[in-house]
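Asker: dropping the sequence and predicted coords here.
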Amino acid sequence: MSERARNLVYIALIVALAATVAVLIAGNPTEEDRVARLGGSIMCPVCQGEAIADSPSDMARDMMDLIEERVAQGATDRQIIDELTAAYGQNILLDPPVSGPTLVLWLAPAGALLAGVGVIAWWRRHPGAPEGSPSAPSSRTRTAVGALILIGSLAAVLVAVTSYLQERDDTTSGLADVQVDDLDEVSNETLEAVIAANQEHPQISGMRLALADRYREEGDYRAAFPHYFAVVESETSAAPEKVAALAGLAWITWDGNGELDTALGLLDRALEIQPGSVPVRFLEGRILHCAGRSDQSERVLEDLLAEPTLPSDWEDAVTSELAAVEAREACA
Amino acid sequence: MLAFLGSAGVAVALVGASLLVVRSTRVARGIGGADLGGPVKLVVAGAVVAMAAMQIALTLDDFSIAYLANNHAMSTPFPFDVATAWAALEGSILLWGMILAGYTWMVFTAYRKAPDRLGAAALAVMGAVAVFFFGLMITVANPFEVCVTAAERGCLASSPFPWAFADAPVDGRGPNPLLQNHIFMAIHPPLLYLGYVGLTAPFAYAIGALAISVPGPEWLRRSQRSTLLAWSFLSLGIVIGGWWAYEVLSWGGYWAWDPVENASFMPWLVATAFLHSALVQQRRGMLQAWNFVLVISAFALTILGTFITRSGTIASVHSFTQSAIGPTLLGFLVLVLVGSFTLLAQRGHLVASAPRIESLVSREGTFLANNLLLTVFAFVVLIGTMFPIILEAITGTRVGVRGPFFNRLSVPLSFLLLLLVGIGPVTPWAGADPGLIWKRIRGPLVAGLAAGVLVAMTVTRNGWVVLAVVLGIFVVGSIGGILFEQAERRRSKTGAGLLASAGKVVKGDARFWSGQLSHVGVVLVALGISFAANLSQHQEVVMAEGDRVTFAGHTITYQAPFQQDVPGKTSTGVRLEVIRPDGSQVTLEPRHNFFPGQPNGVATPAVDTRASGDLYVMLITLEGGVATLELDTSPLMWVLWLGGLTVAAGGFLSYRNRRQERTLVPRETVGV
Amino acid sequence: MKNGIRWVGYGLALAAVAFSVMLATRFGRDPGLVESPLIGKPAPGFELPTLDGGGPVSLADLRGQIVVVNFFASWCLECRLEHADLVASSDNFGPSGVRFVQINYQERPQDSSAWLDEAGRSQHTLYLHDPGSRTAIAYGVFGIPETFFIDPDGTVVGKIIGEADALTIGATIDAIRHGETPGQTVTGNTQQRPDS
């Protein structure tokens, strides 16, 4: 057989066989498993990037059951996908759509292929020059460009790392969150819940104190009392917190119950903890004033005023209180 | 005590690596003939001591080391206690360091045999990379931190100072249950790391050559050789990883386009491209600059892979928890990429390759096409993995990119590559007569199509399977064809028998033929994947004791539930009696394994592997004796594993032969 | 060609920097974290049995109050950490028109119930069982704890991902009472499945 005839035989064989294969494949009866296909294109939310069809997790199985049920109910693919994306967002779709922002994803590989073909074509027309060509850039330019790129990239990394650290600081949770700057915006119920849930926390006293002060200002002495009391009793309260709580307690025992001696006793306890405390002594003077013991009040306030280290803002308050006492005005 | 020993080992290795950088830089610049063996030995000794300290600590259950407190338990049995050394972040970096020390030793032995500036420069680069990794081990990923506040199990706070007063828990948390469920998990990471880390050596030669301004054939020869070794391990690691996923992860799959799987696949693709384009440079002096880009990219992709795995930036099955190591690795990646590419740019005038390609219809032409396809493939994997991040950084929108996207693009790319595997080896170098190529492929083409018709008529008419068979037989046919052609020619010259001649042919160009062995492996993988993806069957059944179901020709009887206590774990499962299609019997026991300290079980499938395919049974739930089971058949699964192992075997054989052939003159592989 | 290689080299180096900066922007973010598309939308309805088999309780019956829907399980560490805060919040807000609903997630009702017996319940909270996770799926739960806030009109207006502490819960409710839409707050990690 001549080479030419042999070629013809091969070509005929190849065409015939290829046609047979094509026909056989094309005639393949396809029964589509919609549940499996949909399951393969939905990401399992509790796994990391697996499709729910592939994941053995209970959640993925429950989602597959849901899809199966919806398919049995006659829902379309669109409806099922919409139901799931309404809850989870587009992110759980593993098969990004060939439109919108993900169009880039589909075009990029084609672009890369074209670029590759272009580079090869270009290279075929412009082969390389032999080594040691004269157009080598001066070493100074080279060093400068290199240094520039290195410095630039290191700076970029530095910026990225700092922003990372900042972001991480921002998300630090724990009781740092409990110390909010502006307690005014937080409702009493919230504070109560926070305190109830964190009774054992060593730093809870500050919040109790704030809540108690707020109740006191609102005139709700009944609600304030247990919190002041808890701060005084707590072993983890800081000394200034105890002093403030004792002062608060003193005021509500006097103002609410009229128990002057108990109130003064509480203030004495506060002064034991923090001898010479200006606010406590001022409060003492004030309670005495309100109780009508003007002489004692005057003495306390005068002592306070004689104090060489008295801060100037207190000086004003003490002076005006003293003036009121001396004028025998009723306490405000 | 052991923390001290381990930390000392790391410190010694770090000092050795730093010394190595300094000294070998001097040698490479030609301003000193310092001893490089000392520093290299320090690196190796330090790494070995550190790993030994870790292993001894694991044997002695020394929970004063925080890493053990958090990742080991007294009940962890052999060999998983050994593997615990790399089951978590810090330990995996330790393993990385030790393997890097091994490769540094390998580069050094080559240097010792024939000291030259290139070898010294490569050692300097190896040393610099080692400084980074051992540096990690004393800072952000310290495996020997001492536990200073113990929890009931595990460690709450630790100190990097080995002399810190230790507060050891009574027992540790134990490794992740998934990682102690199968022996493959013990060997998969070391293999993968042997591949990953091995790509440092070719990178070191490339950067070394650029740094001392001596591009040329020498760096390429050494880079190619070391790439071959790393590539073989990487292939093996990827296959074992898939196999492990199949046997353990209970979803019947072996590959999910998970970012971490992608991270190991990208360097593999790029290294594969390099192994081919390196041949073009060797034979034809072309593509030198391109080869630099490939080697640098392969190494950078291994760092990117580690970054992906370790930083928690991308959601993945494999990610370790987030830590400060993320930014550090990213910084290193930037340094590597910017440094390398800037260096390449500055030496650009030296690396331009000389001749132009005469004809695209030539071996180098097919390699060019192969490189284009492999690079586009790697790009597809890269952009698919990274696109969600990139899009979110730019627009704030979140999208998921997984299986469907990758499958849609990788399938056509893989079939094109398979076609090239059939055409490339039969195409002569430097321009070929199309008639010759036609003559060599027409037979295999007919054979492939005939096989396709046969399969379509008897087994399945699924298009993907038929196409895979057609191309597979075509490739094997064309490889067999050139073997036959050369054996014939030899026989007509020497008069020896055909088989003996074929043996002589293979021995005579063992490099080429081990490459072809890998190609056959690729064919098997392609067949295995197409079978598994298109011909498997699934069914979910609920069975009470004594129930019987038939599934894909198997009769499955639920005999009884069981509970089993073995050291280190408790299993509950069901005993199934299976009558196979051929009438033989087997007992399968799908189960849930419970590990101490881990409240929830790990489902472990039972797999009955037969030549015709696997029966895969997974226990989903077992409540009150009623079992929910998922049944799968995957026909011819072993073809996939065998294919993967064959790919790796071809690589190892080629590596061995390359060593033997080093002194021989290169010869033409295929007669023109 | 010579210049080509040089500029390709520099180009690749710059691309690497851009790429890395992009990666760096992701540090410290939870890759599983997604802004819930439910915020601002009508809350998916449910009709679920209570954990002890009573009920059913339907969301529609709770219309007119602020409803706090929390998904929990005993296997979830953060859920244990937040439990005292949820109980305290329900105790404090329950009397004033806020209804707490805790729905168990991927757990048998008896297991959830047994744990609640130990950890304590609030008398104002409804503890429900979610067969087949249908409600969790409808709310797009990625991991627990997740807590949704539904205003009296039945619109989802807030969500806490991670441990819901009393202050965040209270602040969210306070904001809803002021007619604001607090949106999504992330306080920490969530746990996705029993074995993670």
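Answerer: Received it, and whenever you're ready, just let me know what you need.
Asker: list the contacts for residue B:544?
Answerer: B:558, B:625, B:626, B:627 (C-beta atoms under 8 Å, 6 or more residues apart in numbering or on different chains). Where you see a C-beta, it was placed from the backbone N, CA and C, and this is true even at glycine.
Asker: next one: residue A:277
Answerer: A:243, A:270, A:271.
Asker: hmm, back to that, of the contacts of residue B:544, closest to residue C:151?
Answerer: The closest of the contacts of residue B:544 to residue C:151 turns out to be residue B:626 (C-beta to C-beta; 43.3 Å).
Asker: can you name the residues that contact the closest one?
Answerer: B:542, B:543, B:544.
Asker: touching chain B at all, the helix or strand harbouring residue C:78?
Answerer: Residue C:78 is located in helix C:77-93, with elements delineated by DSSP states H and E. No - Helix C:77-93 lies out of reach of chain B by C-beta under 8 Å from any C-beta of the partner chain, never closer than 10.7 Å.
Asker: state the distance from residue A:223 to residue A:214.
Answerer: 9 Å (C-beta to C-beta, to the nearest Å).
Asker: list residues touching both of the two?
Answerer: Contacts common to residue A:223 and residue A:214, judged by C-beta under 8 Å, 6+ apart, are residue A:188.
Asker: give me the residues contacting stretch A:111-121.
Answerer: Contacts for stretch A:111-121 (C-beta under 8 Å, 6+ apart): B:368, B:372, B:375, B:376, B:379, B:380.
Asker: give me the mean pLDDT for that stretch.
Answerer: For stretch A:111-121, mean pLDDT is 87.
Asker: any buried residues in it, and which?
Answerer: Neighbour counts over stretch A:111-121 (16 or more other C-beta atoms under 10 Å in any protein chain shown) mark A:112, A:113, A:116, A:120 as buried.
Asker: stretch B:615-631 now?
Answerer: B:615, B:616, B:617, B:618, B:619, B:620, B:622, B:627, B:629, B:630, B:631.
Asker: how about stretch A:35-49?
Answerer: Those would be A:35, A:38-49, for stretch A:35-49 by 16+ other C-beta under 10 Å.
Asker: send me stretch B:472-484 as CSV with only the CA atoms.
Answerer: Taking C-alpha atoms only, stretch B:472-484 is exported to CSV below (Å, rounded to 0.1, in the frame of the first residue of the first chain):
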residue,chain,number,x,y,z
GLY,B,472,-5.6,8.6,27.5
ILE,B,473,-5.2,5.8,25.0
PHE,B,474,-3.9,8.3,22.4
VAL,B,475,-1.2,9.4,24.8
VAL,B,476,-0.2,5.9,25.9
GLY,B,477,-0.3,4.9,22.2
SER,B,478,2.0,7.7,21.0
ILE,B,479,4.4,7.1,23.9
GLY,B,480,4.4,3.4,23.1
GLY,B,481,4.7,4.2,19.5
ILE,B,482,8.0,6.1,19.8
LEU,B,483,9.3,3.3,22.1
PHE,B,484,8.5,0.8,19.5
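Asker: give me the helix or strand of chain A that scores worst on average pLDDT.
Answerer: Using mean pLDDT, DSSP states H and E, the weakest-scoring helix or strand in chain A turns out to be helix A:139-171, at a mean of 59.
Asker: right, and the helix or strand after it?
Answerer: helix A:188-197.
Asker: for residue B:110, report the pLDDT, please.
Answerer: Predicted confidence (pLDDT) for residue B:110: 92.
Asker: from chain A, how far off is the residue lying closest to it once chain neighbours are set aside?
Answerer: Of all residues not flanking residue B:110 in the chain, residue B:119 sits nearest, at 6.3 Å (C-beta to C-beta, 6 or more residues apart in numbering or on different chains). Noted for residue B:119: a distance of 21 Å to chain A, by C-beta to the nearest C-beta, to the nearest Å.
Asker: for residue B:119, the count of nearby residues, please.
Answerer: 25 (other C-beta atoms under 10 Å in any protein chain shown).
Asker: assign it to helix, strand or coil.
Answerer: helix (DSSP: H, G, I helix; E, B strand; the rest coil).
Asker: who touches it in this structure?
Answerer: Contacts of residue B:119 (C-beta under 8 Å, 6+ apart): B:107, B:110, B:111, B:208.
Asker: now the spatially most central residue of chain B. Its backbone dihedrals?
Answerer: Using C-alpha atoms, centre = their mean, the residue of chain B that lies closest to the mean C-alpha position is residue B:234, 2.9 Å off. With angles defined as degrees, to the nearest 10, residue B:234 sits at phi -60, psi -40.
Asker: what separates the closest residue in space to it that isn't next to it in sequence from residue B:226, distance-wise?
Answerer: Nearest non-adjacent residue to residue B:234, counting by C-beta to C-beta, 6+ apart: residue B:195, 2.8 Å away. To residue B:226, residue B:195 is 12 Å away according to C-beta to C-beta.
Asker: again, but for residue B:549
Answerer: 53 Å.
Asker: and the helix or strand harbouring residue B:593, which strands flank it?
Answerer: Per DSSP H and E, residue B:593 falls inside strand B:591-594. Sheet pairing of strand B:591-594 (DSSP bridges) gives strand B:569-579 (antiparallel), strand B:602-604 (antiparallel).
Asker: most packed of the ones you listed?
Answerer: strand B:602-604 (a mean of 23; mean count of other C-beta atoms under 10 Å in any protein chain shown).
Asker: mean confidence score for stretch A:188-204?
Answerer: pLDDT averaged over stretch A:188-204 gives 78.
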